[in-house]
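Peer 1: Okay, here's the prediction I keep looking at, along with the sequence it came from:
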Amino acid sequence: MECDQGTFDYYGLLNKLVLDIGSHNEQHEFHEILWTRLPELKTMGPEFYDTLHCQQSWVALTATFVFDPSYSLGTRLENVTQVAECATRPRSEHMTQDLGPQTDEALDASPRLFESDLLDKLSRVHHLTPLIINTPIIVGLLFYSLMLNGVAFMLFGLVIGYLAWTLTEYFSHRYLFHTIFPLPFGLGPRLQFLIHGVHHIYPNDPLRLVMPPLLSVPSMLIALTIIRLLFGASFAWPVLAGFMVGYGIYDWVHYWTHYGQPKSDFAKQVKRLHMLHHFRDAEKGFGVHAIWWDHVFGTAYRKGDTPGSKAV
């Protein structure tokens, strides 16, 4: 590994098909810049980026990652200390002013959570993965429920399911994610760290901002079981579809609150509330996208409130 280089870029034709994800170093250093402007960043700072090594073939790199056991999603972390000591390359002031603020690289680390390489890989996920997996399932559920129940009942079930998700989002975040349960063998703190604490310690880890299938699939199966018990077999399908729509919106909004650039006043408020939850008071602001429940249940932020002290 080069002393001053922990990640490598790819600028080939495939890069445009995947939203310039190959502009890895640029994205790591300036997280809040839109992907469409990453090539502009490279043009503005050739003295910083043209001298770096880059990958020549995405296909060859993918094959190496899959078949070479010496590479994994945590490979870069093995050299994070060396990279941090060597990464003293200055940034131009005009680049920062024109393209947005920088993010502390220490917050970008993606820590290893499991000794098992397989489990550790499964604990990380690209933020588009839930959208790709869930969209065809939701469409299929809606089509099936339309044939069983008709338009009116399908829409009604969709609304019920969405509202059920928003309550699940709020109460899970408040009472599950932020609670250290008194488990034997000291497992309580470890469990809380795995399901949520790690996100508060590494809030900008881009691979753990949405729920991986390792957790989302069992969660949806549990939701389906409960929904069928409450609503019956036929009406369960549109309710489940609405529940999954709510989950998809939650995942996307959560990722966006960490990496998006809000334009409207409402969007700025949503992001501000989540940042307050992370960096001011973790005992308030449990609704990520369903922010209204904080007002209903008394956990909304108010000016002058004293921050809480419970586990994050």
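Peer 2: Received the coordinates, thanks.

Peer 1: how is this structure carved up into domains?
Peer 2: 9-109, 129-296 (automatic domain parsing).

Peer 1: from those, which stretch is densest packed?
Peer 2: domain 129-296 (a mean of 17; mean count of other CB atoms under 10 Å). (Each C-beta comes from the backbone N, C-alpha and C, glycine too.)

Peer 1: where does that domain sit relative to the chain's centre, distance-wise?
Peer 2: 12 Å (CA atoms, centre = their mean, to the nearest Å).

Peer 1: What's the end-to-end length of that domain?
Peer 2: 32 Å (CA to CA, to the nearest Å).

Peer 1: going forward, begin numbering at 9 instead of 1
Peer 2: Will do, 9 is the new start, and the previous item becomes domain 137-304.

Peer 1: ok so, going back, mind checking which of the domains of the chain is nearest Lys129?
Peer 2: domain 17-117 (5.2 Å; CB to CB).

Peer 1: coming back round to it: export the domains of the chain to TSV and append columns for distance to Leu126 and mean pLDDT.
Peer 2: Compiled in TSV, these are given as follows (distance: least, CB to CB, whole Å; pLDDT from 0 to 100):
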stretch	distance to Leu126	mean pLDDT
domain 17-117	10	59
domain 137-304	10	92
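
Peer 1: got TSV for those domains, with distance to Arg310 too?
Peer 2: Below are those laid out as TSV (distance: least, CB to CB, whole Å):
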stretch	distance to Arg310
domain 17-117	27
domain 137-304	9
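
Peer 1: residue contacts, the residue most central in space within the chain?
Peer 2: With distances taken as CA atoms, centre = their mean, the residue of the chain nearest its centroid is Leu217 (1.7 Å). For Leu217, the contacting residues are 135, 207, 262-263, 266-267, by CB atoms under 8 Å, 6 or more residues apart in numbering.

Peer 1: could I get those residues as CSV with secondary structure and distance to Asn157?
Peer 2: Output for the contacts of Leu217, formatted as CSV (DSSP: H, G, I helix; E, B strand; the rest coil; distance: CB to CB, whole Å):
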residue, secondary structure, distance to Asn157
His135, coil, 33
His207, helix, 38
His262, helix, 31
Tyr263, helix, 33
His266, helix, 38
Tyr267, helix, 38
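
Peer 1: Need these in TSV (columns: distance to Asp273).
Peer 2: Below are the contacts of Leu217 laid out as TSV (distance: CB to CB, whole Å):
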residue	distance to Asp273
His135	25
His207	27
His262	20
Tyr263	21
His266	19
Tyr267	20
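
Peer 1: Out of the residues you listed, which is nearest to Phe201?
Peer 2: His207 (9.6 Å).

Peer 1: Tell me how far that closest one lies from Ser153.
Peer 2: 34 Å (CB to CB, to the nearest Å).

Peer 1: for Leu46, same thing?
Peer 2: 41 Å.

Peer 1: next one: Asp259
Peer 2: Counting by CB to CB, the gap from Asp259 to Ser153 is 22 Å.

Peer 1: Give me the phi and psi for Leu171.
Peer 2: The phi/psi pair for Leu171 (degrees, to the nearest 10) reads phi -60, psi -40.

Peer 1: and it, how far is that from His61?
Peer 2: 51 Å.

Peer 1: What strand or helix carries Tyr255?
Peer 2: helix 241-267 (DSSP states H and E).

Peer 1: Check which helices and strands that helix sits against.
Peer 2: Contact here means 3 or more CB pairs under 8 Å, 6 or more residues apart in numbering; DSSP states H and E; on that basis helix 241-267 packs against helix 137-179, helix 221-239, helix 273-287.

Peer 1: Kindly calculate the angle that the longest one makes with helix 241-267.
Peer 2: It stands for helix 137-179. Here helix 137-179 runs at an angle of 100 degrees relative to helix 241-267 (axes from the mean of the first three to the mean of the last three CA atoms, to 10 degrees).

Peer 1: Can you verify my assumption that Gln64 contacts Gly20?
Peer 2: Yes - using CB atoms under 8 Å, Gln64 and Gly20 qualify as a contacting pair, with a distance of 7.5 Å.

Peer 1: The residue nearest to the centre of the chain belongs to a helix?
Peer 2: No - counting by DSSP: H, G, I helix; E, B strand; the rest coil, Leu217 is not part of a helix but coil.

Peer 1: Check the gap between the closest residue to it other than its chain neighbours and Pro197 for me.
Peer 2: Distances taken as CB to CB, 6 or more residues apart in numbering place Tyr263 nearest to Leu217, at 4.6 Å, with adjacent residues excluded. To Pro197, Tyr263 is 26 Å away according to CB to CB.

Peer 1: Brilliant, that's me finished.
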